[in-house]
Structure formats: structure tokens, C-alpha cells
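*Asks:* Structure, please.
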Amino acid sequence: MPRPSMPLIDYYSLESPVATEFRRLLHSFLKKAKEGELKSILFTSAITSEGKSTVASLMSITAAYKGHKTLLIDCDLRRPSLHRLFAFERQRGMSEVLYNGDEIKSVIKKTSLDNLDVITAGKAVAHPAELFDSRTIGGLIHELKFYYDFVFVDTPPVIPVSDPMLLAQEMDGAVLIVKAGSTAREVAQRATKILSNGQINLLGVVLNNVKGSLPYYYDYSHYNYDYSQRNDNGKPLNNRRHPGMAPAAGATADKPDKKAESPGKKGISR
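*Replies:* Model prediction:
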């Protein structure tokens, strides 16, 4: 599959409703961190196509913009997507570390943000679950937490496969992504029960795709939400990139990422 022309970072607008919601989510993490260590967080969903990879990516970008040294790891070795979202090659990633024994530092990929690094899934392997030995993963996560403020891990859905549970046991917490208008209540409850029975620290649930599925009063446009900075002529400034960074080539304020749906008014909910 061809690499995308632009990474998700270049579509990220600091003044967008999406960015605002993810800053609120980050604030929830930081509040919970005061109650105990919260540096490694797993992102999963009940089933496929609920937006967990996009949520994990936008959360990582938000944390990096706020000055937190952040690492995002693609541990969905079955259907990885972070390499596409960040315009990287898939190879030289987690599977090389777990299967070949490569050094974890050797597969870290730098992004255009100083505070954000990514580890892609790596080459395809036949039986991904067999690679996730708890002692090995635990040691890797422990090592990475020494160098990063946050280690975010994208995993497969929790119901179809066991991979997330093998990983979640070594993480400080987990977040479940639920897609509004798509995920059945019983399915979401089943996923929550699986995580709870595994004694996983479930931090909460992120409700994704709110704009497309819930009543109009959940839509920011209903409240005339646009409160972005404007110049003397009343036109919005391009705040897509971090202040002090030149706008990426081809990045314009009127070209949003269709995958980056607003997670809506959620913060972290129990």
C-alpha cells in the first residue's frame, strides 16, 4: 500500500474542536496521574473500525504539543495502521523487536514534532499473540517509561483476540474506544467486562463519532463553537501547526482529516 502524502500531524489544528476535546482528555490523564503512576496507557476497542488508532494518534499528538515527551507504539500486528497515519514504512517495528530480538531503541521513528516518537508494527508475522510474552513486554514498557512521559499503545480490539489482554496487564491503564451509532450496547458491555475480569485498570471510555450519530445539540456547530484566532480583517489564522513552526507544504485550514472525527463531549467517562 502506498504511503500517504501527508502525516496526520499536518492536518492537526490547534484551534479545532477535536484538539480541544483531546486536551480535555489529556487533562483527565494528568489528574489521574496524581493518584498513582500513569505513564503507559493502552488504547483498544470492542470490535473493529471504531477509531482506536486515530484516537491514540490524536492523543499522542496532543500530549506532544503540550510538552510531554510521548511515544506511540503500534501493537496491532494483525491490522496495523499507525505507519499510514504518520507516513512511515511499516517495517522495522515491534515485530522485529519481539521476533528478531532487535533493540527497542533501534526501531523508534522520529516525527516532525520534537516530543513525539512512533514505533510501527513491523513486518507481518503468522501468529502475533505468541509474540506477546508478559515478561518481555513488561520489561520493554518499563524501559520506555524511563525515557518518556507517556507511552501510548494501540492494540487490536479486545473481543476478537487476546492480544490486548496480554498487553494490558503490563500497562498502567487502558482506554476503551466506542463508536457512537455503531457499537451495540451489549458489545461495549462485553468488552468492559473482559477488561474488568482481567483486573485491568480501565481508565474510562472515549465515545467516538459523536457528530455523526448523536442529536444536534452534541454538535459544536449548533453552539457556533468557532472561537479561533482571527486577524485584523476577521479571517481565521492558520493554527494548524505549533506556534513557531512553518506550515507544512500543502497544509491548509480548509482541508481537515476525514478520519479525525470529533470524539465529542466525552473527556474520560466511567
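*Asks:* got the end-to-end distance for stretch 80-98?
*Replies:* Using CA to CA, to the nearest Å, the end-to-end distance of stretch 80-98 comes out at 16 Å.
*Asks:* Check which helices and strands the helix or strand harbouring T44 sits against.
*Replies:* Using DSSP states H and E, T44 falls within strand 40-45. In this structure, strand 40-45 packs against helix 52-65, helix 134-147, strand 150-154, helix 163-168, strand 173-179, helix 185-197, with contacts taken as 3 or more CB pairs under 8 Å, 6 or more residues apart in numbering; DSSP states H and E. In this view, the C-beta of every residue, glycine as well, is placed from N, C-alpha and C.
*Asks:* Show me the contact partners of it.
*Replies:* Under the criterion CB atoms under 8 Å, 6 or more residues apart in numbering, residues 29, 51-53, 55-56, 59, 141, 144-145, 150-158, 164, 167-168, 170-179, 183, 191, 195, 203 lie in contact with strand 40-45.
*Asks:* partners of it in the sheet?
*Replies:* strand 150-154 (parallel), strand 173-179 (parallel) (DSSP bridges).
*Asks:* How far away from the center of its chain is that strand?
*Replies:* Taking the mean of its C-alpha atoms, strand 40-45 sits 8 Å from the chain's own mean (CA atoms, centre = their mean, to the nearest Å).
*Asks:* on that earlier part again, turn the strands paired with strand 40-45 into TSV, including mean neighbour count.
*Replies:* Below are the strands paired with strand 40-45 laid out as TSV (neighbours: other CB atoms under 10 Å):
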stretch	mean neighbour count
strand 150-154	26
strand 173-179	25
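*Asks:* Distance to T136 added to the ones you listed, as a markdown table?
*Replies:* Putting these into a markdown table (distance: least, CB to CB, whole Å) gives the following:
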| stretch | distance to T136 |
| --- | --- |
| strand 150-154 | 14 |
| strand 173-179 | 19 |
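*Asks:* for the ones you listed, which one sits closest to R92?
*Replies:* strand 150-154 (17.1 Å; CB to CB).
*Asks:* Let me know the angle separating the closest one from helix 134-147.
*Replies:* 140 degrees (axes from the mean of the first three to the mean of the last three CA atoms, to 10 degrees).
*Asks:* Just the C-alphas of strand 150-154, formatted as CSV.
*Replies:* Taking Å, rounded to 0.1, in the frame of the first residue of the first chain, the C-alpha atoms of strand 150-154 are listed here in CSV:
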residue,chain,number,x,y,z
PHE,A,150,3.7,9.0,28.2
VAL,A,151,3.8,5.6,26.4
PHE,A,152,0.6,5.1,24.4
VAL,A,153,0.0,1.7,22.9
ASP,A,154,-2.5,0.9,20.1
